[in-house]
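In: sequence unavailable; structure follows:
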C-alpha cells in the first residue's frame with residue numbers, strides 16, 4: 001500500500017532528546033533512507049544508508065536527536081515539553097552509557113518527595129542495573145509503569161549509591177512559573193519552551209512588572225522546545241529582533257524574526273521588549289537548545305547578565321516528519337546561529353559570570369540589591385552587561401550568602417568597573433574591605449606578562465587552569481596534546497560517546513588527552529599525519545596554531561567563515577612571502593585581518609613554537625571578537 005509523503009511539522013524542535021524505548025516502526029527502511037538522504041544536515045555515506053534497519057542507520061550517525069517515534073512516544077514527548085500530566089516518577093533524563101542522568105525533577109513529584117535531584121545518575125531500577133537491562137533504553141522502560149505502582153530507583157550521587165522507593169503517579173512539568181521575590185525581584189522559572197509557554201511568560205511578566213525593579217529568569221535544566229515558542233519568548237523580553245539564523249545542508253540561511261529589527265538596529269536604537277529593568281538569566285550544563293538560543297539572544301543584544309555554568313552545547317534543530325498513523329521521524333535538518341552569527345553547537349553558551357550551580361540563586365539575589373542613591377562603604381557597585389548592580393554588605397556577609405559573595409568576587413574578570421564608597425576597587429580590595437576570604441582564580445606567575453589581562457580573563461571564567469601547583473607557566477611552549485586539552489577546556493568541546501576515541505594510530509583511550517584530542521578531531525580541527533598519527537609530544541608552531549584556531553573560529557562564528565572565504569589573492573600572497581606554508585596562508589591572513597594576533601604578522605615566525613601565553617591571548621581575542629566573551633578588559 002502506498003503511503004502519503006510525510007508532513008513536516010511547521011515548528012522545528014529545539015530540545016534535548018527524550019529517552020524512549022525502541023520503537024515499533026511504521027515506515028519502511030527505504031522510506032527512512034530517502035528522508036535522511038534528502039533532509040539530514042550533513043551528507044550521509046552510502047555505507048551507513050545501506051545498513052539493514054532504521055535503528056542501525058540512526059545509531060551509526062552518532063546523532064541521538066535523529067530517531068523514529070511511535071504516535072504514543074511522540075505524544076509523551078509533546079506532553080513533557082508542554083507541562084501536561086504524565087504518569088511516572090517525575091524526572092527528565094539525559095541518556096548515557098552508564099545510566100540515566102537526571103536533568104530535571106518535577107515539583108511535588110514522587111522523585112522530589114524521595115529526595116532525587118538534578119545530577120543524580122540512575123543506575124538501577126528495581127535492582128536491575130543498566131548492564132542487566134542491556135541498554136539505557138531498556139532501563140528507561142523499567143522506570144515507566146502504571147499509576148499507583150511502586151518502583152525502587154538506585155542513583156549514584158557523589159560516588160555513593162542511594163536507593164529510594166516511590167509510587168508512580170500523574171506528574172506535571174510546568175513550563176513556566178513566576179513569583180515576586182523579596183518584594184521587588186520578578187523571578188521566572190522557565191522549564192521548557194513547550195506549547196503555550198511564551199504566553200505564560202508574557203502573563204507572568206505583565207503580572208509582576210508593577211512590583212519588579214529587577215528580574216531573574218531561571219533557565220537551568222531547560223532542555224529546549226519549539227521554534228515558534230522561542231521566537232515569541234525572545235520577542236517578549238528583547239523586543240523586535242532577529243532571533244536566529246538557521247543553515248541547512250546547502251549552507252542556505254533562514255532567519256527567525258520577532259518583528260523586523262536586526263542586531264545593529266537594536267544596539268543603535270536601544271532596548272525594546274517588556275523587560276526594561278536589569279535582568280539576570282541563570283544557566284547551567286542542562287540548559288540546552290532553544291534555551292541556549294534564548295541565552296545567546298540575551299548576550300548578543302546586551303539585554304541582561306548571564307550567571308551560572310556553560311550550557312549544554314546543542315546548536316542543531318530537528319524537523320518532525322509525521323505519518324498517517326501519528327508516528328514521527330525526527331531528523332536533524334539545520335544548525336542554528338545566534339543574532340551575532342555564533343553557534344552554541346558542541347561548545348555551549350558561556351555566562352558572563354561562571355559560578356557554582358549551588359550558589360547561583362544567592363549570587364543573583366545579591367546582585368539584585370536595591371540601588372544606592374549615594375556612594376557608600378556598605379554598597380559595592382558593579383557595571384556588568386550594560387547595567388549597574390548593587391551588592392549590600394549586610395546581605396553579602398550573611399551566613400547564607402557569604403559563600404556566594406566570595407564566589408561572585410572570584411568570578412569577576414579583570415577590568416570590570418567596580419566601586420566601593422565611590423572609589424574604584426579590584427575584587428581583592430573589595431574582599432579585604434569587607435573581611436571576606438577570596439580564592440582568586442587569577443594566576444600568580446603571570447605578573448608582567450603582556451597578556452596578563454587576557455589570561456586572567458580566561459582564568460576567571462574557568463577556561464584555563466594551572467598545573468598541580470596552580471602555575472600557568474606562560475612562556476612554555478605547547479605540545480599538541482597540551483593544545484588539544486587547552487582548546488577543549490576553553491571552548492567546552494565534546495563529542496558523543498558513541499563515536500568512540502578518534503581513530504588516530506597513536507591515540508589510546510587511557511591517554512590523558514584522549515578526550516580532548518577526540519573532540520577536536522571530530523570537529524575537523526586536527527588531523528593525523530601521513531601515517532594517521534596524532535604525535536602528541538610535538539611542539540605546536542605558529543602556523544599550526546593559527547590554522548587550528550581559525551578552523552575553530554569558523555566553526556563557531558559564521559562571520560569568520562565568510563571572512564576566510566573572501567580573502568583576496570594579495571592577502572594570501574603576503575602571508576606566503578612571510579614564510580607561511582600554502583596550507584597556512586589563509587589562516588595567517590585571516591587571523592591577522594580579524595585582529596586575533598598579538599603582534600603584526602610580519603613579526604610572527606611561522607615555524608616558531610607558540611607559547612602558552614600567546615595561545616591564550618589569541619584565543620581570548622577571538623572570543624571577544626565573536627562576542628562569546630564580553631569585552632570587559634582592555635587588551
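Out: Perfect, I can see it now. Model, not experiment: these values are computed from the prediction.
In: and residue 156, how many residues sit next to it?
Out: Neighbour count of residue 156, defined by other CB atoms under 10 Å: 17. Glycine gets a C-beta too; all of them are placed from N, C-alpha and C.
In: so what does the host helix or strand of it touch, helix or strand wise?
Out: Taking DSSP states H and E as the criterion, residue 156 maps to strand 150-157. Packing partners of strand 150-157 (3 or more CB pairs under 8 Å, 6 or more residues apart in numbering; DSSP states H and E): strand 121-125, helix 136-143, strand 160-167.
In: buried residues, that strand. List them.
Out: Using 16 or more other CB atoms under 10 Å as the test for burial, strand 150-157 gives 151, 153-156.
In: quick check: mean pLDDT across that strand?
Out: Computed over strand 150-157, the mean pLDDT rounds to 95.
In: what sits up against it?
Out: By CB atoms under 8 Å, 6 or more residues apart in numbering, the surrounding residues in contact with strand 150-157 are 89, 99, 102, 111, 114, 116-117, 119-127, 142-143, 145, 161-168.
In: circling back to that earlier point, mean neighbour count and mean pLDDT for the helices and strands packed on strand 150-157 - can I get that in CSV?
Out: Listed next are the helices and strands packed on strand 150-157 as CSV, based on neighbours: other CB atoms under 10 Å; pLDDT from 0 to 100:
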stretch, mean neighbour count, mean pLDDT
strand 121-125, 21, 94
helix 136-143, 19, 83
strand 160-167, 13, 95
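In: need phi/psi at residue 578.
Out: Here is the backbone geometry of residue 578 (degrees, to the nearest 10): phi -90, psi 0.
In: so it sits against residue 600, correct?
Out: No. Between residue 578 and residue 600 there is no contact, the gap being 10.0 Å when judged by CB atoms under 8 Å.
In: between the two, which one's more packed in?
Out: The neighbour comparison of residue 578 against residue 600 (other CB under 10 Å) goes to residue 578, with 17 against 8.
In: how many neighbours does residue 223 have?
Out: Residue 223 has 28 neighbours, counted by other CB under 10 Å.
In: then the one 5 residues further on?
Out: Residues within reach of residue 228, counting by other CB under 10 Å, total 15.
In: cool, residue 400 as well?
Out: Residues near residue 400, counting by other CB under 10 Å: 9.
In: so which helix or strand takes in it?
Out: Counting by DSSP H and E, residue 400 is part of no helix or strand.
In: residues in contact with it?
Out: Residue 400 neighbours (CB under 8 Å, 6+ apart): residue 362.
In: quick check: it vs residue 365, distance?
Out: 10 Å (CB to CB, to the nearest Å).
In: try residue 510
Out: To residue 365, residue 510 is 44 Å away according to CB to CB.
In: cool, and residue 168?
Out: For residue 168 relative to residue 365 (CB to CB), the value is 36 Å.
In: could you do residue 171 as well?
Out: 29 Å.
In: quick one: low-confidence parts of this structure?
Out: For the chain, the stretches with pLDDT under 70 are 1-26, 76-85, 94-95, 103-104, 260-271, 631-635.
In: which SS state does the spatially most central residue of it fall under?
Out: Nearest to the geometric centre of the chain sits residue 348, at 2.1 Å (CA atoms, centre = their mean). Under DSSP: H, G, I helix; E, B strand; the rest coil, the three-state class of residue 348 is coil.
In: was I right to think it contacts residue 313?
Out: Yes. Between residue 348 and residue 313 a contact is recorded at 4.0 Å, counting by CB under 8 Å.
In: intersection of neighbour lists for these two?
Out: Residues touching both residue 348 and residue 313 (CB under 8 Å, 6+ apart) are 292, 492.
In: list the contacts of residue 63.
Out: Going by CB under 8 Å, 6+ apart, residue 63 touches 332, 496.
In: quick check, it in a helix?
Out: No. Read with three-state DSSP, residue 63 is coil and lies in no helix.
In: that one and residue 391, how far apart?
Out: Distance from residue 63 to residue 391, counting by CB to CB: 44 Å.
In: cool, residue 601 as well?
Out: The gap separating residue 601 from residue 391 is 44 Å, by CB to CB.
In: quick one: which of the two has more around it?
Out: Using other CB under 10 Å, the more surrounded residue of residue 601 and residue 391 is residue 391, with 26 against 18.
In: hmm, the more buried one is touching residue 364, no?
Out: No. Using CB under 8 Å, residue 391 is not in contact with residue 364, being 11.2 Å away.
In: can you name the next helix or strand after the helix or strand containing residue 560?
Out: Assigned by DSSP H and E, residue 560 belongs to helix 558-565. Note on helix 558-565: by DSSP H and E, the next helix or strand toward the C-terminus is helix 569-577.
In: how about that next one, which residues are buried there?
Out: Buried, per 16+ other CB under 10 Å, within helix 569-577: 571-572, 574-575.
In: now, among those, which is nearest to residue 43?
Out: Using CB to CB, residue 572 is the member of the buried residues of helix 569-577 that lies nearest residue 43, at 28.1 Å.
In: please report the distance of the closest one from residue 427.
Out: To residue 427, residue 572 is 45 Å away according to CB to CB.
In: then residue 533?
Out: Residue 533 sits 45 Å away from residue 427, going by CB to CB.
In: which one's more surrounded, these two?
Out: Between residue 533 and residue 427, counting by other CB under 10 Å, residue 427 is the more crowded of the two (25 against 13).
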